[in-house]
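1. Dropping the sequence and predicted coords here.
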Amino acid sequence: MPRTTTGLYPSDRNWELEGKGQPHTGVLIGGPDARAKQIEYSILAVLQVGGAVAAIWWMFTQPTGWVEWSAFISGYLIINYGLSCGFHRYFTHRSFETSTWMRYLIGICGQMACQGSVKKWAADHRRHHAFSDEVGDIHSPHIDGHGRKMGPVKGF
Ligand SMILES: [Zn+2]
């Protein structure tokens, strides 16, 4: 089967030169597509952390009541259910079977987490399991998108 989706660029040939072999099929190493993905993840991370900081600021500077707290608690439960049960267990791992309307419901709940489309999320997570902490693991805390060990931000 031809290796059609691997994006290997000259500046990233160190992976091969270091004797680590060919990167896995379907893995992007460097280049514009990998850079675009990195930018997308950075924007999502900044929005999520920014939202959390803004919520903490709001909590201490504005009066809060049952509306804000019930919205926070229900949003937390619904979104986490959509991600863990929906995106992770159902769409990525097919751990169970369900009806069409429930599939839509858990998809919508997971989508509220603003972590990209369910297709992208499932593909990234399957790749994460297939290549844990090696090139191709899209959210490894140990290596970057080029397969290099992360420096001071390791684990972040
Ligand atoms: Zn998983």
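-> All right, it came through fine. Residues are numbered from 1 along each chain as shown.
2. Now do the strands in this protein.
-> 7-8, 28-29 (DSSP state E).
3. Of the ones you listed, which shows the lowest average pLDDT?
-> Least confident of the strands of the chain, judged by mean pLDDT, is strand 7-8 with a mean of 42.
4. With residue 62 as the reference, measure out to residue 116.
-> Distance of residue 116 to residue 62, given as Cβ to Cβ, to the nearest Å: 31 Å. (Glycine included, C-beta is placed from N, CA and C.)
5. now residue 110
-> According to Cβ to Cβ, residue 110 and residue 62 sit 29 Å apart.
6. These two - which one has more neighbours?
-> Neighbours were counted for residue 110 and for residue 62 using other Cβ atoms under 10 Å; residue 110 has more, 26 against 8.
7. Test my guess that the more buried one contacts residue 80.
-> No - using Cβ atoms under 8 Å, residue 110 is not in contact with residue 80, being 9.3 Å away.
8. quick one, phi psi at the spatially most distant residue from the centre of the chain?
-> Largest separation from the mean C-alpha position in the chain: residue 63, at 33.9 Å (Cα atoms, centre = their mean). With angles defined as degrees, to the nearest 10, residue 63 sits at phi -70, psi 140.
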